[in-house]
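> Give me a 3D structure for the following:
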Amino acid sequence: MKRSRTWLAWLAVGLLALSCAAPEALSSAGAWETDVSSDDGEALESCPPGSTRPPPRPPPRPGRGGRKRNREPFEPRERVFNAEPTPEQREAARRRTENAAIEQTLRDRYWRLKVEAERMYPDKVGLYEEHHFWPKYLGGPPDGPKYRVPAPYHQLITNAFRERHAYGQKPPSEARAKEIMMEVYSELPIPQLIGIPDP
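A predicted model of the protein is given here:
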């Protein structure tokens, strides 16, 4: 028993000395080894002993998540829209600007005339009346559009219509009725038509 233990001890010492002197002798001649000497600890390539290490992989291109970008750094972007407005677009923008300015002017006029009407007709303050956009006495349809406006302001509109066409006369022609409405509403705008909500 002692001899077998002694023999095993000497065998272990011999193998240890052999591995320290020639470690390649313990590996098979055709074995492949993996190089894990990269900075991030990942295996780059496998190569047989004694062969030249392959060149390291290039670092990932900058981008989200280190992924490669489909576009080269200096490649121009695709033109997805036309930055220059067309003449029609310029004209539409000009009209919008003009309409907004006119609408604001009419709003200011409405509020000023509303206060003036309340001073002229104090007994109607706080009341509201339905106004036919095309007055019936001018030939307008009975079921035509109507707007709810303050009673004092409505009295101003009624007076303006009767100044241009007296009440009780024969209705004017359609063209003349439209002219009268254009004149009146340019001076006394209907609040709902200039962006002022119903009271």
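> use CA for all of it now, contacts and neighbours both
Fine.
> Low-confidence ranges, the chain, go.
1-56, 59-83 (pLDDT under 70).
> biggest helix in it by residues?
helix 87-120 (DSSP state H).
> in the next helix or strand after that one, what's buried?
Following helix 87-120 in sequence order, the next helix or strand is strand 128-132 (DSSP states H and E). If you call a residue buried by 16 or more other C-alpha atoms under 10 Å, then strand 128-132 has these buried ones: 128, 129, 131, 132.
> Residue 145 touches residue 135, doesn't it?
No: counting by C-alpha atoms under 8 Å, residue 145 sits too far from residue 135 to count as a contact (9.8 Å).
> For these two, indicate the residue with more neighbours.
Taking neighbours as other C-alpha atoms under 10 Å, residue 145 and residue 135 compare with residue 135 leading, 18 against 13.
> From residue 188, how far off is the more buried one?
14 Å (C-alpha to C-alpha, to the nearest Å).
> Ok, residue 196 next?
From residue 196 across to residue 188, the span is 14 Å (C-alpha to C-alpha).
> In terms of neighbours, single out the busier of these two.
Remark: of residue 196 and residue 188, residue 188 carries more neighbours, 21 against 11, as counted by other C-alpha under 10 Å.
> my guess is the more buried one meets residue 110, correct?
Yes: using C-alpha under 8 Å, residue 188 is in contact with residue 110, at 6.7 Å.
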